[in-house]
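no sequence for this one, just the structure:
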C-alpha cells in the first residue's frame with residue numbers, strides 16, 4: 001500500500017455526480033483519479049481536486065475495464081476504488097476483487113445492486129418484502145401467478161430508480177413481454193404490486209452501525225411519476241413519529257443483514273395502504289439521486305458525499321470516524337419537467353427556498369424550515385403552482401438521467 005498519508009483513490013463515474021466527494025478526498029490529502037465516460041469529458045468536474053482523469057467509451061463490467069484499470073495500476077499504487085453511481089457498484093466490486101483491493105466485494109455488492117439477491121436475503125432474514133418470483137422457470141412462474149393475484153410489476157434486477165419497470169395486469173401480458181426479452185429474461189424478477197406511499201431512508205454506516213439516518217416520504221411513488229407523469233417531491237418524515245421509528249428500525253435490521261461495513265446507503269420501503277405494514281423495496285450503497293443529498297444537507301447540515309469521502313479515508317488509514325454535529329430541521333424537494341427550455345422560478349420567493357435547480361426543461365426547488373407543517377404547506381403550494389406554470393411530460397426514459 002502507498003503511504004497512508006497520501007492514499008490514491010480511483011473513482012468510477014458513469015454519470016456526472018459526486019463532485020463534493022472528489023473535493024473532500026483531495027481535502028483529506030488523497031491523490032484523486034477519475035475514470036469516467038468520454039461523453040462526460042466536458043462536464044463540470046472539479047478539476048482542481050482531480051490529479052488525473054481517464055476516459056473510456058463504456059464503464060460496463062468486462063475485460064476492457066479490468067484491463068484499463070490494471071494498466072493504470074502499473075504506474076499508480078491504487079489504495080481505494082469508489083463507485084459514484086449505482087451502475088458502477090458491481091463493476092467496482094469486480095475490479096476490487098481482481099486487484100485484491102479492500103472494500104465491498106462482489107457478493108455483498110449483489111445485495112446492493114441485484115433486486116433478486118436483496119429480496120431473497122431480506123426474506124431469509126424475516127424482513128417483509130412483496131411476494132416475488134425469479135423470472136426463470138415457466139412452471140414456477142405460472143404457479144406463482146395462479147397463487148398471487150395481479151397486478152404485478154416486472155423489474156430488471158440491476159437497473160436504478162424506476163427504469164425498465166413494467167406493470168403487468170394479467171398473465172397474458174407477461175408471456176409476450178418475456179418473449180421479446182429473449183435470453184435476458186433471467187435478469188428480471190416478477191413482484192406483487194403493493195399499493196401505498198413510498199419512503200426512503202438515507203444513511204451513513206460506520207463499523208456496521210448506522211450513525212445517521214434521515215427518513216423521507218415521496219408525495220407520489222417514483223414509478224408513477226416516471227411512467228405516468230407528474231411532479232416529483234419528497235419531504236422529511238415527521239421526527240419522532242411512529243413511521244420514522246419503524247423506518248429507522250427496519251433500515252437498521254436490513255443493513256445489518258446485508259453486511260454493509262461502512263458507507264452511505266439509499267433504501268426504499270413502501271407502506272401498504274390497507275394494512276399499514278412496511279415492505280422493503282430496494283437498497284443501494286450510494287448517495288440518493290434527484291438532489292436528495294442537497295435536501296438532506298438543508299435539513300441537517302450533513303453532506304452525504306462529503307461524509308462518504310471522510311469515512312472511506314478514515315477506514316483506509318485505520319482511523320476513527322466521527323459524524324459532524326447535525327440539525328433536525330425539515331426539508332423537501334419539488335422537481336418537474338418543464339415546457340420552457342429554462343423555466344423562471346424567481347416568482348417563488350419564499351425565504352424557505354434554499355436551492356433552485358438549473359437544468360434545461362426542469363423546474364426544481366428545495367425548501368427547508370424548522371417547522372414540519374410549514375414545509376408541508378410550501379410543498380403543497382409549490383406542486384400546485386408547478387403544475388400550472390411548468391409541468392409537461394415525456395415518455396419514460398430507458399436509462400436513468402441522473
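The structure has been received and is ready for your questions. Note that the structure is predicted; figures quoted are calculated from it, not measured.

looks to me like residue 186 is in a strand.
No: the assignment for residue 186 (DSSP: H, G, I helix; E, B strand; the rest coil) gives helix, which keeps it out of a strand.

quick check: it touching residue 136?
Yes: counting by C-beta atoms under 8 Å, residue 186 does reach residue 136; the two are 5.3 Å apart. All C-beta atoms are positioned from the backbone trio N, CA, C, and that covers glycine.

poorly predicted segments of the stretch 1-150 of the chain, please.
Residues of the stretch 1-150 of the chain meeting the criterion pLDDT under 70: 1-4.

all strands of it, in order?
8-13, 31-37, 52-56, 80-83, 132-134 (DSSP state E, counting those that start in this stretch).

possible to save those as TSV with distance to residue 270 and mean neighbour count?
TSV is the format used below for the strands of the stretch 1-150 of the chain (distance: least, C-beta to C-beta, whole Å; neighbours: other C-beta atoms under 10 Å):
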stretch	distance to residue 270	mean neighbour count
strand 8-13	30	24
strand 31-37	33	22
strand 52-56	37	14
strand 80-83	26	23
strand 132-134	13	19
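
looking at those strands, which is nearest to residue 346?
When the strands of the stretch 1-150 of the chain are compared by C-beta to C-beta, strand 8-13 sits nearest residue 346, at 32.4 Å.

that closest one pairs with which strands?
strand 31-37 (parallel), strand 80-83 (parallel) (DSSP bridges).

before we move on, back to that, nearest to residue 284, out of the strands of the stretch 1-150 of the chain?
strand 80-83 (10.2 Å).

return the distance of the closest one from the chain's centre.
Centroid separation between strand 80-83 and its chain, computed with C-alpha atoms, centre = their mean, to the nearest Å, is 16 Å.

kindly report the same for stretch 76-83.
22 Å.

my guess is residue 214 contacts residue 300. True?
Yes: in this structure residue 214 lies within contact range of residue 300 using C-beta under 8 Å: 6.4 Å.

so for those two, which sits in the more crowded spot?
Higher neighbour count among residue 214 and residue 300: residue 214, with 27 against 22, using other C-beta atoms under 10 Å.

any idea what that one is bridged to?
Under the criterion used (DSSP bridges), residue 214 bridges to residue 202.

ok, now which ones touch it?
Going by C-beta atoms under 8 Å, 6 or more residues apart in numbering, residue 214 touches 201-203, 236, 296, 299-300.

Serialize these to CSV and add fields for pLDDT and distance to residue 104.
CSV is the format used below for the contacts of residue 214 (pLDDT from 0 to 100; distance: C-beta to C-beta, whole Å):
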residue, pLDDT, distance to residue 104
201, 98, 19
202, 98, 18
203, 98, 15
236, 98, 28
296, 98, 22
299, 98, 28
300, 98, 25
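
what subset of those is buried?
201-203, 236, 296, 299-300 (16 or more other C-beta atoms under 10 Å).

do a quick rundown of the helices in the stretch 51-200 of the chain.
63-73, 89-99, 106-111, 115-124, 138-147, 171-181 (DSSP state H, counting those that start in this stretch).

contacts for the fifth one?
Spelled out, that is helix 138-147. Identification of contacts with helix 138-147 by C-beta under 8 Å, 6+ apart yields 131, 133-135, 152, 171, 174, 190.

residue 71 is nearest to which of the strands paired with strand 8-13?
Of the strands paired with strand 8-13, nearest to residue 71 by C-beta to C-beta is strand 31-37, at 11.3 Å.

what angle do the closest one and helix 89-99 make?
120 degrees (axes from the mean of the first three to the mean of the last three C-alpha atoms, to 10 degrees).

now do the domain split for this structure, please.
Segmentation of the chain into domains, based on automatic domain parsing, reads 8-103, 131-192, 196-389.

hang on, residue 265 is in a strand, isn't it?
Yes: counting by three-state DSSP, residue 265 falls inside a strand.

so what's it bridging to?
Note on residue 265: beta-bridge partners by DSSP bridges are residue 203.

wait, what's in contact with it?
Contact analysis of residue 265 by C-beta under 8 Å, 6+ apart lists 112, 201-203, 205, 251, 255, 283-286.

could the helices of the stretch 51-200 of the chain go into TSV alongside mean neighbour count and distance to residue 330?
Formatted as TSV, these follow (neighbours: other C-beta atoms under 10 Å; distance: least, C-beta to C-beta, whole Å):
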stretch	mean neighbour count	distance to residue 330
helix 63-73	15	42
helix 89-99	21	30
helix 106-111	18	31
helix 115-124	19	29
helix 138-147	13	41
helix 171-181	13	41
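
how about those helices in TSV, adding distance to residue 34?
Output for the helices of the stretch 51-200 of the chain, formatted as TSV (distance: least, C-beta to C-beta, whole Å):
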stretch	distance to residue 34
helix 63-73	11
helix 89-99	13
helix 106-111	21
helix 115-124	28
helix 138-147	43
helix 171-181	35
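
done for today, thanks.
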